[in-house]
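Asker: need the 3D shape of this:
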Amino acid sequence: MQTTPFVNKQIIRIKNHPRRVIFSEGEDLRVLLVAQELVKQEIAAPILFGDVQKIKDLAKEHNISLQFLRLINPKNAEDLSLFAQYFERSERFRNRPISNLMETVAKPQNFACLMVQYGAADLVVGGNILGNASMSRSAQLMIKPTNKHNNIFALNILEGKSIADINKQGLLFLSDANVIPDPSVEDLIMMTEEVGKMAHHFLEEKAKVALLSHSNQGSYPTESSKKMQAATSFIRQRTAEFEWPIECFGEVQFDVAIDADAAAAKSDSLLLRKPKQADVLIFPNLDSAHITLKALEHVGKLNVYGHLMMGLSRSIAIIPKTATTEQLFGTTILAATQSLLNRD
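Answerer: All right, here's what the predicted structure looks like:
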């Protein structure tokens with residue numbers, strides 16, 4: 001399977017800490033190919049959910065070895081009752097009524113998230129057949145959040161030769177192209193902190209974060225641009241106070257964030273006199289983030305990994321239905337690397 005230097009670097013990092021990865025939608029040739037590669041390279045222990053006989057038939061049809069793969073049908077899993085008890089107890093604590101307890105827990109996405117939440121696996125990869133909405137709901141329902149707002153959001157990592165002209169790592173981290181339609185100032189602060197720290201984890205150096213807008217340093221003040229200004233101001237204070245491993249600037253236009261020449265030409269601000277080329281891009285709303293992500297993927301021909309879900313105590317990756325096998329493999333590797341930060 002063809003991989004990139006960035007993905008290969010993460011493989012080296014996780015080989016010393018093999019991960020137990022659940023593919024919640026295992027009746028998929030792409031999943032079987034990725035699982036076989038994970039075993040071959042001794043990277044992870046794959047767990048495939050679905051109709052066990054269908055998975056076996058698919059593997060036989062395509063001559064794929066199932067050695068060292070664990071196959072589970074959640075509907076008749078040995079520990080279904082145990083995880084149902086865990087879930088019932090947590091929902092009772094949160095004063096949330098449950099209808100059809102066993103049916104709810106037996107849903108593959110829910111059962112996978114419960115297994116990860118309670119330490120029976122390290123990460124979940126799903127959405128490749130059913131789409132991201134069901135996987136996102138399961139993550140919000142079953143996984144403990146890491147922020148006081150209980151908000152989750154998505155991180156996508158983009159890689160390609162054209163990005164190498166933007167920054168030396170050849171990587172861009174984008175948030176949020178999946179969950180929060182219109183993030184508040186508090187949401188933006190939370191995103192910047194968590195994505196900045198995650199980018200630092202992958203880059204192994206201070207992340208440069210740009211909060212994007214149609215406006216550039218107050219050039220066209222609107223409610224949206226003022227929101228990005230306010231978030232930037234607060235984040236810069238917090239960064240200095242708590243020594244976060246990030247450097248933040250905004251509100252700025254897309255070209256100012258990634259092109260030093262554009263930044264020098266468009267801004268006289270002290271913040272941009274020494275132009276910085278961003279690693280991390282924080283968007284003002286879901287529309288702008290998702291449109292940019294798809295444009296960069298399909299027109300820019302970049303490798304796109306994710307969505308890696310953020311704001312959760314465990315690692316969940318949501319794969320688009322259109323994902324290639326290489327994209328599925330790369331996202332799994334990056335989610336496994338993310339899971340190293342979530343170890344108790």
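Asker: where does pLDDT dip in the stretch 101-250 of the chain?
Answerer: 149, 165 (pLDDT under 70).
Asker: tell me the contacts of the spatially most central residue of the chain?
Answerer: Centroid-nearest residue in the chain, with Cα atoms, centre = their mean: Leu308, separated by 0.9 Å. Contacts of Leu308 were listed using Cβ atoms under 8 Å, 6 or more residues apart in numbering, and they are Ala154, Leu155, Asn156, Ile157, Met198, Ser315, Ile316, Ala317, Thr331, Leu334, Ala335, Gln338. C-betas here are computed from N, CA, C, even on glycine.
Asker: and with 10 Å instead?
Answerer: 123, 154-157, 173, 175, 178, 195, 198, 315-318, 331, 334-335, 337-338 (Cβ atoms under 10 Å, 6 or more residues apart in numbering).
Asker: show me the residues you listed that map onto strands.
Answerer: Mapping the contacts of Leu308 onto strands (DSSP state E) picks out Leu123, Ala154, Leu155, Asn156, Ile157, Phe173, Ser175, Ser315, Ile316, Ala317, Ile318.
Asker: make TSV out of those and add neighbour count.
Answerer: As requested, these are exported to TSV (neighbours: other Cβ atoms under 10 Å):
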residue	neighbour count
Leu123	23
Ala154	28
Leu155	26
Asn156	24
Ile157	22
Phe173	24
Ser175	30
Ser315	27
Ile316	32
Ala317	28
Ile318	28
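Asker: one step back: now the residue nearest to the centre of the chain: closest residue in space that isn't a chain neighbour?
Answerer: Leu155 (4.6 Å; Cβ to Cβ, 6 or more residues apart in numbering).
Asker: so that neighbour versus Thr337, what's the distance?
Answerer: 12 Å (Cβ to Cβ, to the nearest Å).
Asker: for the residue nearest to Ile157 when sequence neighbours are not counted, give me the pLDDT.
Answerer: Nearest residue to Ile157, sequence neighbours excluded (Cβ to Cβ, 6+ apart): Tyr305, at 4.6 Å. In this model, Tyr305 is scored at 97, pLDDT.
Asker: ok, now which ones touch Tyr305?
Answerer: Tyr305 neighbours (Cβ under 10 Å, 6+ apart): 4, 6-7, 10, 155-159, 171, 317, 319, 323, 326-335.
Asker: going through those, which ones are buried?
Answerer: For the contacts of Tyr305, a neighbour count by 16 or more other Cβ atoms under 10 Å gives the buried set as 6-7, 10, 155-159, 171, 317, 319, 323, 326-335.
Asker: keep only those of the residues you listed that are in helices.
Answerer: 6-7, 10, 326-335 (DSSP state H).
Asker: picking up where we left off before, hang on, isn't the residue nearest to Leu308 packed against Thr192?
Answerer: No. Counting by Cβ atoms under 10 Å, Leu155 sits too far from Thr192 to count as a contact (11.6 Å).
Asker: what sits in contact with each of the two?
Answerer: Ser175, Val280.
Asker: I would like the residues contacting stretch 49-68, please.
Answerer: 22-29, 31-33, 35-36, 38-40, 42, 44-46, 48, 69-77, 107-109, 111-112, 115, 124, 126, 129.
Asker: tell me the buried residues in it?
Answerer: Within stretch 49-68, the residues scored as buried using 16+ other Cβ under 10 Å are Phe49, Gly50, Ile55, Leu58, Ala59, Ile64, Leu66.
Asker: quick check, nearest of those to Phe87?
Answerer: Checking these against Phe87 with Cβ to Cβ, the nearest one is Phe49 at 16.6 Å.
Asker: quick one, helices of the stretch 1-150 of the chain?
Answerer: Under the criterion DSSP state H, counting those that start in this stretch, the stretch 1-150 of the chain contains helices at 5-15, 29-40, 52-61, 80-93, 101-106, 108-117, 132-142.
Asker: contact partners of the shortest one?
Answerer: Looking back up the chat, that one is helix 101-106. 73-77, 80-88, 91, 98, 100, 110-111, 114, 138, 141-142.
Asker: list only those of these flagged as buried.
Answerer: By 16+ other Cβ under 10 Å, these give 73-74, 77, 80, 83-84, 86-87, 110-111, 114, 138, 141-142 as buried.
Asker: ok, back up a step: what's the closest of the buried residues of stretch 49-68 to Val256?
Answerer: Phe49 (44.9 Å).
Asker: on that earlier part again, give me the angle between the helix or strand where the residue nearest to the centre of the chain lies and helix 5-15.
Answerer: Leu308 belongs to strand 303-310 when assigned by DSSP states H and E. Strand 303-310 and helix 5-15 meet at an angle of 40 degrees, taking axes from the mean of the first three to the mean of the last three Cα atoms, to 10 degrees as the criterion.
Asker: what about strand 303-310, distance to the chain center?
Answerer: Centroid displacement of strand 303-310 relative to its chain, using Cα atoms, centre = their mean, to the nearest Å, is 4 Å.
Asker: equivalent analysis for stretch 75-83, please.
Answerer: 28 Å.
Asker: avg pLDDT for it?
Answerer: Averaged across stretch 75-83, pLDDT comes to 95.
Asker: and it, how far apart are its ends?
Answerer: Terminal residues of stretch 75-83 are spaced 12 Å apart (Cα to Cα, to the nearest Å).
Asker: how about stretch 255-262: buried residues?
Answerer: So for stretch 255-262, counting by 16+ other Cβ under 10 Å, buried means Val256, Ala257, Ile258, Asp259, Ala262.
Asker: what does it contact?
Answerer: Contacts of stretch 255-262 (Cβ under 10 Å, 6+ apart): 163, 165-167, 172, 208-213, 216-217, 249-254, 263-267, 269, 272, 274-282.
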